[in-house]
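**Student:** Below are the sequence and a predicted model for it; my questions follow.
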Amino acid sequence: MNKSVIDGVDFYTIFKAGTDSVIRNKENLNLINVFPVRDGDTGTNLALTMNSIADEATVSEDFDVVIQSMSDAAFENDRGNSGIIFASFINGFSNACGHLKSLNLEQFTYGASIAVKEAYSAVSSPVEGTMLTVIREWANYMTQHYKSHNTFGALFDGAYQKAVQVLNETPDMLEVLRRNKVVDSGAKGFVMFLEGFSNRLNEWVHPEIKQDFKSGDIETYSDSHRFSDSVHRYCTEVLVRNSIHQKEAVEALLEDMGDSLIVTGNQKLLKIHVHTNQPDEVTKRLIASNYKIYKSKVEDMKIQEVLEQSQKSKIAILTDSIADIEDDRIIDEQIHVLPLTLIADDSLYLDKLTATPNNIQMILDKSVNYPTSSQPDVKQIRIKLDWLLSRYEQVIIISVSSALSGTYSNFSRVVEELGDSRGRVKLIDSKLNSGAQGLVVLKAAELANQGLTAEHIAKVVTEEIKKASIYVSLDTFKYAVKGGRVPTKVGKVLVALKAKPIMSLDDDGHGTAFGISFSRKSVDEKIKKHIKKITLKEGVDRYAIVHANNPELAKLYSERYEAVLGMPPEYVTSISAITSIHAGIGAVAIAIIRR
């Protein structure tokens, strides 16, 4: 493909070759990932971003068709700092050359120079020694030399060699790279992309880049560089349906929310990336400013770093966000959680991340239609399982009741698609939700961290499920009716009578009304009386108190049942935003495991 002009098919072909190069090298890129945080996922994020662009691109002889489809796919699928910088680069290239049917050397070089400006403008505080530096110097080389070359192959070869040179200089630009004796992971990822790009044009393999590191080459961070002291917890990305012209307003709105703020986009979507401790506050501010949340992605960098420092088990415990577990216990026991999606009109939120008790009332107030929920899609599950299987020998998935959600079905579909890895994954239908599901998941994690086998853990979990129950004190049937948990006609009568329900689950995991009263006090007394009966007949092994933004009543529940059961709860925590839209703000529940 040694040409002086390339069309859309040519561009797609060399882009795909670059993508394949990054995919082949993603684990090495993860290994040397120390900036901006050492979360070991830069290679994975770049590979997923580029592969999604290649998969969703429209392949055509017309370059404009190809690059515009790539730009759209980039903002839909980019992941992490490096992914969003790369997406901004593609968008800049589309802005500069998206009207052309084919490209000569001068046009390609111009597109690259505009793309560099787009990538830099996306980052609120650009740092040299990263992917940005390599992209800039690669483009500068082409600007300076394209007139002296007749073909893309010759120009790209020289530009690639320049990129390698700059990559090897990145440790001199960033102290954290020099201290850990590595080049920047994102920068190396871009060079790997260029290597595949250039090799496809020239049909030969370049020599290995000098820096190719093993785990022993990376120094362990000192106490002064622990996660809690150095970075924010969540890598948060939000897409909003507003034009790029809102970029400066969004930057000002979110500038104090964390670090690594990147705001970029095209004429359809605005993409926001920030490292923050409050993803829900990010979306709350955007909602208050009348931005429409298209969708979001949040990665827990803390759990990633905890695993890097001290992975407790060879068996991963994975659940969904309907399982209510105290946050500190999730970190301590290294439990992995996949969020369901809350849908409010045409806005999508991640349960317990971008939709929480902190902003659920605002989401409800801003919605024309009552919110609904959706299970994690198979793509999300596949990405999560691939990541876990790269770090653990086995994975046990404990899903919310299949009678309440399609989450179990989607988990099952992905497990079936795993091929040779299928035997490494065990999927269990908890037939539970909320705090009851959380207690079972917590037990599984404790057993895994004790070194027990997956078969033993699955057996114990199956028995725990049979002994688990939850009793929910609702203030009204209204939300259960809106959420479809109670038939509309019956529900309307109960709402009119101001009935106060006690909700629970039957043996198959279906929601059921355990009892009805006409005062909250009477409801609470009925639950207390029932728990006393269970205590006398069977005993209670452990319990948890969960609530929908009602910490005062939850505290009273905790004190009441500590007196009844003679022990404190395992934890007291908020329920998921999705559960709260069905239960209603103010609901409180006790979840138990019988002895």
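**Tutor:** Cool, the structure landed. Numbers count the residues shown, from 1 in each chain.
**Student:** burial measure for residue 165, as a count.
**Tutor:** Residue 165 has 13 neighbouring residues, counting by other Cβ atoms under 10 Å. Heads up, the C-betas are built off the backbone N, CA and C, glycines and all.
**Student:** so which helix or strand takes in it?
**Tutor:** Element membership for residue 165, per DSSP states H and E: helix 152-169.
**Student:** Mind giving me the packing neighbours of that helix?
**Tutor:** Using 3 or more Cβ pairs under 8 Å, 6 or more residues apart in numbering; DSSP states H and E, the elements in contact with helix 152-169 are helix 105-122, helix 131-145, helix 185-202.
**Student:** in the shortest one, what's buried?
**Tutor:** Of the residues in helix 131-145, 131-142, 145 count as buried by neighbour count, 16 or more other Cβ atoms under 10 Å.
**Student:** Return that helix as PDB; C-alpha atoms alone will do.
**Tutor:** Provided in PDB are the C-alpha atoms of helix 131-145 (Å, rounded to 0.1, in the frame of the first residue of the first chain):
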ATOM      1  CA  MET A 131       0.600  10.500  24.800                       C
ATOM      2  CA  LEU A 132       0.000  14.100  23.900                       C
ATOM      3  CA  THR A 133       3.700  14.800  23.500                       C
ATOM      4  CA  VAL A 134       4.300  11.800  21.200                       C
ATOM      5  CA  ILE A 135       1.300  12.700  19.100                       C
ATOM      6  CA  ARG A 136       2.400  16.300  18.700                       C
ATOM      7  CA  GLU A 137       6.000  15.400  17.700                       C
ATOM      8  CA  TRP A 138       4.800  12.700  15.300                       C
ATOM      9  CA  ALA A 139       2.600  15.300  13.600                       C
ATOM     10  CA  ASN A 140       5.300  18.000  13.700                       C
ATOM     11  CA  TYR A 141       7.700  15.600  11.900                       C
ATOM     12  CA  MET A 142       5.100  15.100   9.100                       C
ATOM     13  CA  THR A 143       4.500  18.800   8.800                       C
ATOM     14  CA  GLN A 144       8.300  19.400   8.400                       C
ATOM     15  CA  HIS A 145       8.900  16.500   6.000                       C
END
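**Student:** Now do that helix: which elements does it pack against?
**Tutor:** helix 80-97, helix 105-122, helix 152-169, helix 185-202.
**Student:** Could you give me the buried positions within whichever helix or strand comes after the third one?
**Tutor:** Going back to what we said before, that points to helix 152-169. Per DSSP H and E, helix 152-169 leads on to helix 175-180 as the next helix or strand towards the C-terminus. Judged by neighbour count using 16+ other Cβ under 10 Å, the buried positions of helix 175-180 are 176, 177, 180.
**Student:** Can I get the buried residues of helix 131-145 in JSON lines including distance to residue 511 and pLDDT?
**Tutor:** What follows is these, written out as JSON lines (distance: Cβ to Cβ, whole Å; pLDDT from 0 to 100):
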{"residue": "131", "distance to residue 511": "49", "pLDDT": "93"}
{"residue": "132", "distance to residue 511": "51", "pLDDT": "95"}
{"residue": "133", "distance to residue 511": "56", "pLDDT": "95"}
{"residue": "134", "distance to residue 511": "55", "pLDDT": "96"}
{"residue": "135", "distance to residue 511": "53", "pLDDT": "96"}
{"residue": "136", "distance to residue 511": "57", "pLDDT": "96"}
{"residue": "137", "distance to residue 511": "60", "pLDDT": "96"}
{"residue": "138", "distance to residue 511": "58", "pLDDT": "96"}
{"residue": "139", "distance to residue 511": "58", "pLDDT": "96"}
{"residue": "140", "distance to residue 511": "62", "pLDDT": "96"}
{"residue": "141", "distance to residue 511": "63", "pLDDT": "96"}
{"residue": "142", "distance to residue 511": "62", "pLDDT": "95"}
{"residue": "145", "distance to residue 511": "68", "pLDDT": "94"}
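**Student:** circling back: would you list the helices and strands packed on helix 152-169 in a markdown table and tack on distance to residue 549?
**Tutor:** Conversion of these to a markdown table gives the following (distance: least, Cβ to Cβ, whole Å):
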| stretch | distance to residue 549 |
| --- | --- |
| helix 105-122 | 36 |
| helix 131-145 | 41 |
| helix 185-202 | 39 |
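**Student:** Of these, which shows the lowest average pLDDT?
**Tutor:** Ranked by mean pLDDT, those bottom out at helix 185-202, with a mean of 87.
**Student:** For it, which helices and strands make contact with it?
**Tutor:** Helices and strands touching helix 185-202, by 3+ Cβ pairs under 8 Å, 6+ apart, are helix 8-24, helix 26-31, helix 42-56, helix 80-97, helix 131-145, helix 152-169.
**Student:** average model confidence for the first one?
**Tutor:** Here helix 8-24 scores 92 as its mean pLDDT.
**Student:** before we move on, what about the third one?
**Tutor:** Averaging pLDDT along helix 42-56 yields 89.
**Student:** tell me the angle it makes with helix 185-202.
**Tutor:** With axes from the mean of the first three to the mean of the last three Cα atoms, to 10 degrees defining the directions, helix 42-56 sits at 40 degrees from helix 185-202.
**Student:** likewise the fifth one?
**Tutor:** Helix 131-145 and helix 185-202 meet at an angle of 40 degrees, taking the same axes, to 10 degrees as the criterion.
**Student:** returning to that earlier point: show me the contact partners of the helix holding residue 165.
**Tutor:** 1-4, 6, 105, 108-109, 133-134, 137-138, 141-142, 145-146, 149, 183-184, 187-188, 190-191, 194-195, 197-198, 201-202, 206, 209-211 (Cβ atoms under 8 Å, 6 or more residues apart in numbering).
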